[in-house]
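*Asks:* Structure for this input, please:
(one chain, ligands or ions: 1)
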Amino acid sequence: MRKITDDVIYIGLDDFDIDLFESQYKVPQGVSYNSYLILDEKIAIMDTADARKGEEWEANLKKALGERKPDYLVVHHLEPDHSSMIAEVLETYPDIQVVTGVRSVKMLQQFFDTPDIAGRCITMKEGDVLDLGKHKLHFYAAPMVHWPEVMVSFDEYEGALYSADGFGKFGALSECGFYSSEDPDWSEEARRYYINIVGKYGGPVQNLLKKATTLPIKSIRPLHGPIINEDLGKYIKLYDIWSSYVPESKGIMIAVASIYGGTMRAAEKLKEILESKGAENVFIRDLCRTEISRNVSDAFRYEKLVLAASSYDNGVFTPMHNFLHLLQIKCYTGRTVGIIENGSWAPSAARVMNEILCQMSNLTIVEPVVTIRSRMKSTDYPALEQLADALL
Ligand code: FEO
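*Replies:* This is a model prediction of the structure:
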């Protein structure tokens, strides 16, 4: 719990115990479930928390409230990492009303069997205002950032945007900083969070950014990660890049799925050739031994990608297949891609990688596709040289 301004208290918390966020993402620095309390003539709770930390969240809420009772529970997003305590709040405070988007009401009834939960909702449409006294919350729809019912709200008194998942990041606040100015590596885990969780919905994020540019924002208060009070343009620019699907950095990522090391040797040789020809920021990523969500976010980060994989069961080696599947569903686009395959009797990796790439849009697949037979030999060098030239 922490006071943010005279009227706003942070009542969220850190989760270091979670093994996998959304049951799939490793979060070595934990994650925060952000929640805020606005104390004005009327009192609004701004979202709740994951049930994993429900008791701690309720304790924070009660301590911040003191003797007062909340009037509203504002629900910006119904994903359970933020909404799990709604039923408890409604039970504890029988007069409280849920303030949320029109599209949330049906979903609220799916998640909770609290009697007459729909009757306790005040629904907000685009531009509607919740008047707390000094603080007036203006609501804006943000569908598919990251679920369809998402709304954000802007408190005109403090210039604060409550941005739901937008501008969120992995990492507990006690680990990475309560304010983004204390977090020099903000973009690393924010990028991994954005690309993997919200990345499919670049268009809706662009729509939200357009709305945001019309508001005098001084503070961004997301549902995960640090509060952003300084240098807002830097963070908004990164979100603009990520949601536009354009590369953020120059460089070539060589993604390798190698079973016994033969394919890896070819990847290392390609890196050597590329660097000898002046390419900068060339790096190898072993898909078999690194966190797939980081590999996906780095594929989006850089402008060029080389896929190097063994053949496997008349297809492509599983780590590469999984990687490409994620690139496809996250709408990977507008990049230059090279291919190296390995096969000892019937090479199939390049065919399958190419088939998956063809389901994505606006990729430039450079020639030649290099085929290694079991182990790279000096006779393979010319093809690797040609591939390097095509990538430069
Ligand atoms: Fe952090 Fe989409 O919930």
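*Asks:* quick one: the helices in the stretch 251-392 of the chain?
*Replies:* Secondary structure of the stretch 251-392 of the chain (DSSP state H, counting those that start in this stretch): helices at 262-276, 292-301, 318-329, 349-357, 381-391.
*Asks:* How about the first one, which residues are buried there?
*Replies:* For helix 262-276, the buried set under the neighbour-count rule, 16 or more other Cβ atoms under 10 Å, comprises 262-271, 273-274. Just so you know, the C-beta spots here come from the backbone N, C-alpha and C atoms, and that holds for glycine as well.
*Asks:* what mean pLDDT does it have?
*Replies:* Helix 262-276 shows a mean pLDDT of 98.
*Asks:* again with the shortest one
*Replies:* Averaging the model's pLDDT scores along helix 349-357 yields 98.
*Asks:* do stretch 234-245 as well
*Replies:* Taken as a whole, stretch 234-245 has an average pLDDT of 97.
*Asks:* Next, the residues that contact it from outside, please.
*Replies:* Residues from elsewhere that reach stretch 234-245, judged by Cβ atoms under 8 Å, 6 or more residues apart in numbering: 166-167, 180, 186-187, 190-191, 194-195, 199, 201-203, 205-206, 209, 212-213, 220, 228, 248, 300, 331-334.
*Asks:* Give me the buried stretch members for it, please.
*Replies:* For stretch 234-245, the neighbour count (16+ other Cβ under 10 Å) marks 235-236, 238-243, 245 as buried.
*Asks:* Any buried residues in the strand or helix carrying residue 64, and which?
*Replies:* In this assignment (DSSP states H and E), residue 64 forms part of helix 54-65. Using 16+ other Cβ under 10 Å as the burial criterion, the residues of helix 54-65 that qualify are 54, 56-58, 60-61, 64-65.
*Asks:* so residue 286 sits right up against residue 264, yeah?
*Replies:* Yes. If you go by Cβ atoms under 8 Å, residue 286 and residue 264 touch, sitting 7.2 Å apart.
*Asks:* shared neighbours of those two, which are they?
*Replies:* Each of 256, 258 lies in contact with both residue 286 and residue 264 under the rule Cβ under 8 Å, 6+ apart.
*Asks:* give me phi/psi at the residue sitting nearest the centre point of the chain?
*Replies:* Residue closest to the average C-alpha location in the chain (Cα atoms, centre = their mean): residue 194, at 2.2 Å. Note on residue 194: backbone dihedrals following degrees, to the nearest 10 are phi -60, psi -50.
*Asks:* what's the nearest residue to it if we skip its chain neighbours?
*Replies:* In this structure, residue 194 finds its nearest non-sequential neighbour in residue 242, 5.2 Å apart by Cβ to Cβ, 6 or more residues apart in numbering.
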